[in-house]
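Colleague: Fold the following and give me the result.
(one chain, ligands or ions: 1)
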Amino acid sequence: MAVARKIKTLLTVNILVFVGIILFSVYCRLQDRSEGLAQLVRSADRRVRSRLAKAGTLADREAILQRLDHLEEVVYNQLNGLAKPMGLVEGPGGLGQGGVAATLRDDGQEAAGDYEEYGYNAQLSDRISLDRAIPDYRPKKCRQVSYSDDLPQISVVFIFVNEALSVILRSVHSVVNHTPSQLLKEVILVDDNSDNVELKFSLDQYVHKRYPGLVKVVRNSRREGLIRARLQGWKAATAPVVGFFDAHVEFSTGWAEPALTRIREDRRRIVLPAIDNIKFDTFEVQQYASAAHGYNWGLWCMYIVPPQDWLDRGDEAAPIRTPAMIGCSFVVDREYFGDIGLLDPGMEVYGGENIELGMRVWQCGGSMEVLPCSRVAHIERTRKPYNNDIDYYAKRNALRAAEVWMDGFKSHVYMAWNIPMTNPGVDFGDVSERRALRQRLKCRSFKWYLENVYPEMRTYNNTLTYGEVRNSKASGYCLDQGAEDDDRAILYPCHGMSSQLVRYSTEGLLQLGPLGSTAFLPDSKCLVDDGRARAPALRKCEDVARPAQRLWDFTQSGPIVSRDTGRCLEVEMSKDANFGLRLVMQRCSGQKWAIRNWVKHGRH
Ligand SMILES: [Mn+2]
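Modeller: Predicted coordinates for the structure are as follows:
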């Protein structure tokens, strides 16, 4: 079918071109027949125009010019691809070539409007070739490696919802251009029920003509969210290996071979092509430093320093062990991914699935690694096209991961979100199937995972109580860490965010503010009574001159008493203070404090 269509198109073009040549020769002599066809058409066109300007009648001229224009269009489209009629650019050269920063001459307010819509400069993207090259940021050594001839094939899955067509198509062109054709079995585009009409017919028509038989389009009839959209892609995939990517990426030369090699060596490896950055405003491609992918106790992902043994080894090309993934780029053995339970289909919209997969693959006998020799550049969008409740869904999904995989450490997730462990006010759905999966796969404990895979994580198992702390004299006001660099605790209207997270530990520390989570971040500060100042201070716990100054006695609905000085933390009414309330250290007058949540210890 496809071949027949091609022949038909070529024949039509040939006939049109032939007619064109005859037409031209009436008006002008062809002098150089060896010139390329496109050039020929254009130069003939110019000569005709100039001659007619002198001699021909107006009507004739118009008709001929029109015909020439049409002809030029046909020839140009055949030579330069299908993108042009859609207002897009194919082929080498042009704006943004080689990954340098690009701008539009009339970069006005319209473009700014587009940032709002897509989280990147879509107008600019439309002007950058779908085939532009990007820099090769691989460590030098990677270029010398030779790979086996019989690597497994890969299906590449792109998921999208409401993205610029040019950005999606550049992802497709880029993966086709930079993957050896014998390795790329198919490209699967999963449309998570986009609203944009351009992403329906135009997209279908383009990919089917441009890459006949190579690109499959899967459409969700309702919005499933990023997680289940990826699962749709997995179901449609037929190659032994599947790569999952956001639909706003560009691939680097040689990205596929090292990833496929690592998976063929051990099918239980989940391989993450290293991520570089495409700037959302200029589409400049910037190199990111080698990193692993970690997260905080709220299960938000972040780049972290690679593990010490990787740094010690001094080999930039070596795989980097990683506790989890950012999620925009991962490659996995198709059957193995099914065996270990895919992504949690009970997760909604966005976030958390990337961390859960990291915990699960490690705890259940597999591994996850970033591969510096395999690189993908990715646009960090300024906004995401999901609904505005990303925070809610990230929290909900985090609780699912916590309840299934984190054993006694699940309290850390509740603490990080500053919500109670019973009746957290979030319905995270049914996790019984996921727990059964853990049983079936005979997975290891979270403690093992922390010790062996993510030792940089800071743990808080000595926490007794946590959450908002209120004084009986000022209900509606909570202890708050105040301005971050100010080192002064304050009272502030209660809002339940992490600046009002107070933790009281078995040792007697009272710590205020968000959990430090990892060794890469400072931890929350200790409340301190130095015995002299009238107000309590906040200090880095390890910086307190006399350790006793940071210790407190605190029972629910009782006073907060400094063990060092015997003074009480109390509230004083004062016209000068914010909200008319001030925190003071003074002789105990019987004020009572209440803290919200108790840590529940589970079976583990
Ligand atoms: Mn992304």
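
Colleague: CA only for contacts and neighbour counts going forward, please
Modeller: OK.

Colleague: Got the domain ranges for this protein?
Modeller: Following automatic domain parsing, one gets these domains for the chain: 2-80, 125-138+150-290+303-342+374-379, 463-598.

Colleague: Any idea how far apart the tips of stretch 205-224 sit?
Modeller: The first residue of stretch 205-224 is 24 Å away from its last residue (CA to CA, to the nearest Å).

Colleague: Could you pull out the buried residues of that stretch?
Modeller: Judged by neighbour count using 16 or more other CA atoms under 10 Å, the buried positions of stretch 205-224 are 206-207, 211, 215-219, 223-224.

Colleague: Tell me what residue 349 is bridged to.
Modeller: residue 225 (DSSP bridges).

Colleague: That one touches residue 386, doesn't it?
Modeller: Yes - if you go by CA atoms under 8 Å, residue 349 and residue 386 touch, sitting 7.1 Å apart.

Colleague: shared neighbours of these two, which are they?
Modeller: residue 225 (CA atoms under 8 Å, 6 or more residues apart in numbering).

Colleague: quick one, which of the two is more surrounded?
Modeller: Neighbours were tallied for residue 349 and for residue 386 using other CA atoms under 10 Å; the higher tally belongs to residue 349 (22 against 14).

Colleague: Quick check: the gap between that one and residue 218.
Modeller: As for residue 349, its distance to residue 218 is 18 Å (criterion: CA to CA).

Colleague: Distance from stretch 284-299 to the middle of the chain?
Modeller: Mean C-alpha position of stretch 284-299 versus that of the full chain (CA atoms, centre = their mean, to the nearest Å) differs by 10 Å.

Colleague: these two touch, right, residue 208 and residue 202?
Modeller: No - assessed by CA under 8 Å, residue 208 is found out of contact with residue 202, at 10.0 Å.

Colleague: any low-confidence regions in this protein?
Modeller: For the chain, the stretches with pLDDT under 70 are 1-57, 72-80, 106-114, 387-388, 601-604.

Colleague: Relative to the whole chain's centre, how far out is the longest strand seen in it?
Modeller: Secondary structure of the chain per DSSP state E: the longest strand is strand 367-379. Distance, stretch centre to chain centre, for strand 367-379: 13 Å (CA atoms, centre = their mean).

Colleague: strands paired with it, and their directions?
Modeller: Strand pairing for strand 367-379, using DSSP bridges, gives strand 249-251 (antiparallel), strand 269-278 (parallel), strand 320-321 (antiparallel).

Colleague: For the helix or strand following it, list the C-alpha coordinates in PDB.
Modeller: The first helix or strand that comes after strand 367-379 along the chain, using DSSP states H and E, is helix 390-405. C-alpha atoms of helix 390-405 as PDB (Å, rounded to 0.1, in the frame of the first residue of the first chain):
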ATOM      1  CA  ILE A 390      -1.100  18.700  41.100                       C
ATOM      2  CA  ASP A 391      -0.200  19.100  44.700                       C
ATOM      3  CA  TYR A 392      -3.200  17.200  45.800                       C
ATOM      4  CA  TYR A 393      -2.500  14.300  43.400                       C
ATOM      5  CA  ALA A 394       1.200  14.300  44.200                       C
ATOM      6  CA  LYS A 395       0.200  13.900  47.900                       C
ATOM      7  CA  ARG A 396      -2.300  11.300  47.200                       C
ATOM      8  CA  ASN A 397       0.100   9.300  45.100                       C
ATOM      9  CA  ALA A 398       2.900   9.700  47.600                       C
ATOM     10  CA  LEU A 399       0.600   8.200  50.300                       C
ATOM     11  CA  ARG A 400       0.000   5.100  48.100                       C
ATOM     12  CA  ALA A 401       3.700   4.600  47.700                       C
ATOM     13  CA  ALA A 402       4.200   5.100  51.400                       C
ATOM     14  CA  GLU A 403       1.500   2.700  52.400                       C
ATOM     15  CA  VAL A 404       2.800  -0.100  50.200                       C
ATOM     16  CA  TRP A 405       6.600   0.200  50.200                       C
END
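
Colleague: tell me what helix 390-405 is packed against?
Modeller: When contacts are defined as 3 or more CA pairs under 8 Å, 6 or more residues apart in numbering; DSSP states H and E, helix 390-405 sits against helix 353-363, helix 410-416, helix 432-440.

Colleague: got the angle for that helix vs helix 432-440?
Modeller: In terms of direction (axes from the mean of the first three to the mean of the last three CA atoms, to 10 degrees), helix 390-405 departs from helix 432-440 by 40 degrees.

Colleague: got a list of contacts for helix 390-405?
Modeller: Contacts of helix 390-405 (CA under 8 Å, 6+ apart): 298-300, 347-353, 356, 359-360, 409-410, 413-414, 417, 426-429, 431, 434-435, 438, 445-446.

Colleague: Buried residues, stretch 549-563. List them.
Modeller: The neighbour-count criterion (16+ other CA under 10 Å) identifies 549-554, 559-563 as the buried residues of stretch 549-563.

Colleague: list the contacts for residue 550?
Modeller: Contact partners of residue 550, counting by CA under 8 Å, 6+ apart, are 508-510, 526-529, 541, 544, 562.

Colleague: from those, which two are the most distant?
Modeller: For these, the maximum inter-member distance is 15.0 Å, found between 541 and 562 (CA to CA).

Colleague: Quickly find the element holding the spatially closest residue to residue 598 that is not a sequence neighbour.
Modeller: The shortest distance from residue 598 to any non-neighbouring residue, by CA to CA, 6 or more residues apart in numbering, is to residue 465 (4.4 Å). Assigned by DSSP H and E, residue 465 belongs to strand 463-471.

Colleague: Kindly report the same for residue 115.
Modeller: Using DSSP H and E, residue 115 sits within helix 109-118.

Colleague: tell me what the next helix or strand after that helix is packed against?
Modeller: Per DSSP H and E, the first helix or strand lying C-terminal to helix 109-118 is helix 122-127. With contacts taken as 3+ CA pairs under 8 Å, 6+ apart, helix 122-127 sits against helix 109-118, helix 165-177.

Colleague: For residue 461, which of these is the nearest?
Modeller: Proximity to residue 461, assessed across the helices and strands packed on helix 122-127 by CA to CA, is greatest for helix 109-118 (41.9 Å).

Colleague: Excluding sequence neighbours, find me the nearest residue to residue 139.
Modeller: Leaving aside its sequence neighbours, residue 139 sits nearest to residue 317 (CA to CA, 6+ apart; 5.9 Å).
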